[in-house]
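**Student:** One predicted model, sequence on top.
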Amino acid sequence: MAAADPEASAVPMSGLPHGVSQLDTPLGPAVELVAPGGGIARIAINGAQLLSWVPEGDSEVIWVSAAARTQPGKSLRGGTPVCWPWFGAHPADASKPAHGFVRGLPWQIVSTSSGDAGTEATFAFTTAGNHRELWPYEADVHLTTRLDDEGLSLALETLNTGAEPLPLTQALHTYFRISDIADVAVDGLDGSPYIDAIGEWQRRIQQGAVTFAGEVDRIYLGETSSIAIRDPGLGRSILISSQGSGSAVVWNPWIAKSERLGDMGPDGYRTMVCVETANAADDVVSLAPRATHRLTARYQVAVL
Ligand code: TA6
């Protein structure tokens, strides 16, 4: 992956191919992708944050809070915030922003393409020695969103452009739209060890499907490459497959945390669940100089 030089390689908006367009939305400027068969996705330029995916013949898959607010330097509540170059609280300095520092900043569109196989846009963020007060390393990071008639893929690629190995944790922190949190289950994690991030960060083993009767905040470790959100209320499952990930996060804030967060919207917690494709907790990537790590998530919808 060539180092991104946003100034030289930003795609002029007039040069976008068929199926790719830029538009202003209430949540800020975004890129819209249209799949050959008609599915539509939107990605905010701020944070390269996926905001929406409506497959052809189906309903919205991505959840965005009714109370989402756009604030400079912060990701809006919902979609797919890009947690990078650390997941959760900074490992050594809690005063640093949670989930890294790129999810609320503008990225550059560096390439777009469309064809019979799908439509995609790649966004880039280069640290290039900036943000050193937050992170003493240098890297370029690209997020490619690809929409085709079978699903939507996200690929988060990090190139270490510095002279030192860099420790990387990250997540594609996707909020999925569901019918009702009390009626859904998350399959594919039975028997997986996890860290229960509520309370004392106890380590436990998942028994059966993940169901919800209160706040759930768990970092699953080990085999997490094929997960499904089973949603009888919407008559569908959302299938999540991943590569380059050794951990997955399942989160629903429930009532009290939603009130503390303040931007979940009235009863917002009932219609969302986060299943995040990650390198988190014990699953730290050590990236050698000039090496690249690729974290990918692919979402598909299946009729239940
Ligand atoms: O991924 C789960 C989590 O780490 C939760 O603990 C909660 O903090 C959530 O992310 C949202 O974090 P944010 O900083 O976006 O409010």
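**Tutor:** Yep, that arrived.

**Student:** Let me know the pLDDT of the residue nearest in space to the middle of the chain.
**Tutor:** What sits nearest the mean C-alpha location of the chain, by Cα atoms, centre = their mean, is residue 172, with 2.5 Å. We have a pLDDT of 98 for residue 172.

**Student:** For it, give me its contacts.
**Tutor:** 80, 82-83, 154, 156, 276-278, 295, 297 (Cβ atoms under 8 Å, 6 or more residues apart in numbering). For every residue, glycine as well, the C-beta is placed using N, CA and C.

**Student:** do residue 180 as well
**Tutor:** By Cβ under 8 Å, 6+ apart, the residues touching residue 180 are 233, 270-271.

**Student:** Next, format the residues you listed as TSV and append pLDDT and secondary structure.
**Tutor:** Shown next, in TSV, are those (pLDDT from 0 to 100; DSSP: H, G, I helix; E, B strand; the rest coil):
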residue	pLDDT	secondary structure
233	98	coil
270	98	helix
271	98	helix
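
**Student:** Just the buried residues out of those, in ChimeraX syntax.
**Tutor:** With 16 or more other Cβ atoms under 10 Å as the criterion, this ChimeraX line picks the buried residues out of those:
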select :270,271
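
**Student:** coming back round to it: which of the contacts of residue 172 sits closest to residue 255?
**Tutor:** Distance to residue 255 across the contacts of residue 172 (Cβ to Cβ) is lowest for residue 276, with 21.1 Å.

**Student:** ok, residue 68 - how many residues close by?
**Tutor:** Other residues near residue 68 number 19, with proximity taken as other Cβ atoms under 10 Å.

**Student:** Number of residues surrounding the closest residue to residue 222 other than its chain neighbours?
**Tutor:** Leaving aside its chain neighbours, residue 222 sits nearest to residue 192 (5.4 Å; criterion: Cβ to Cβ, 6 or more residues apart in numbering). Using other Cβ under 10 Å, residue 192 has 19 neighbouring residues.

**Student:** wait, isn't residue 204 in contact with residue 194?
**Tutor:** Yes - at 5.9 Å, residue 204 counts as touching residue 194 under the criterion of Cβ atoms under 8 Å.

**Student:** Looking at these two, which one has more neighbours?
**Tutor:** Each of residue 204 and residue 194 has its neighbours counted (other Cβ under 10 Å); residue 194 has more, 24 against 11.

**Student:** ok now do the more buried one, which residues does it touch?
**Tutor:** 203-206, 218-221.

**Student:** Using CSV, lay out these together with distance to the ligand, secondary structure and pLDDT.
**Tutor:** Output for these, formatted as CSV (distance: Cβ to the nearest ligand atom, whole Å; DSSP: H, G, I helix; E, B strand; the rest coil; pLDDT from 0 to 100):
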residue, distance to the ligand, secondary structure, pLDDT
203, 17, strand, 98
204, 16, strand, 98
205, 20, strand, 98
206, 16, coil, 98
218, 9, strand, 98
219, 8, strand, 98
220, 12, strand, 98
221, 14, strand, 98
